[in-house]
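In: Need the 3D shape of this:
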Amino acid sequence: MKTVILDTNFLLLQGRFKIDIFAQIVDLIEEKVEFLTFDSVVKEIKEISKIKGKNGVFARLALKLLKLRNVKILKGLKGDADEDIICYCKINRDVIVATNDVELRKKLKEIGIKTIFLRGKKKLDLI
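Out: Here you go, the predicted structure:
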């Protein structure tokens, strides 16, 4: 089983680009997947969900999907989503992080962690 960590911006893709990120990740990995995220990510999404307009709608959808897809939510050590993800990845090396955050992807690459990101607004890619 492969563990995939979901970042805030990645969870918002589902609504923004009308793609099923969960199904595409499973297809991309080609093995059983456990999805997880951090309480700091959920906190960020909850803040965004209070905003009126499209971003608020996307965030509310993301919160629903976290429950529907039984995404495991871990308590982070740092309180910052990116720092929680990096800290976890330094300890648990056999994970993949799903994020579109360029800076976070760069930091993860430096420590040898693979990332999943959106390419061309339709398809997920793994590097």
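
In: C-alpha from now on. contacts and neighbour counts both.
Out: Will do.

In: Tell me who's in contact with Val33.
Out: Val33 makes contact with 1-4, 26 under the criterion CA atoms under 8 Å, 6 or more residues apart in numbering.

In: Sketch out the strands for the protein, chain order is fine.
Out: 2-6, 33-38, 72-74, 95-98, 114-119, 123-126 (DSSP state E).

In: now the ones you listed as TSV including distance to Arg60 and mean pLDDT?
Out: Output for these, formatted as TSV (distance: least, CA to CA, whole Å; pLDDT from 0 to 100):
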stretch	distance to Arg60	mean pLDDT
strand 2-6	16	96
strand 33-38	16	96
strand 72-74	16	96
strand 95-98	19	97
strand 114-119	20	94
strand 123-126	22	90
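
In: Comparing the ones you listed, which stretch has the densest surroundings?
Out: Mean neighbour count (mean count of other CA atoms under 10 Å) peaks for strand 95-98 among these, with a mean of 23.
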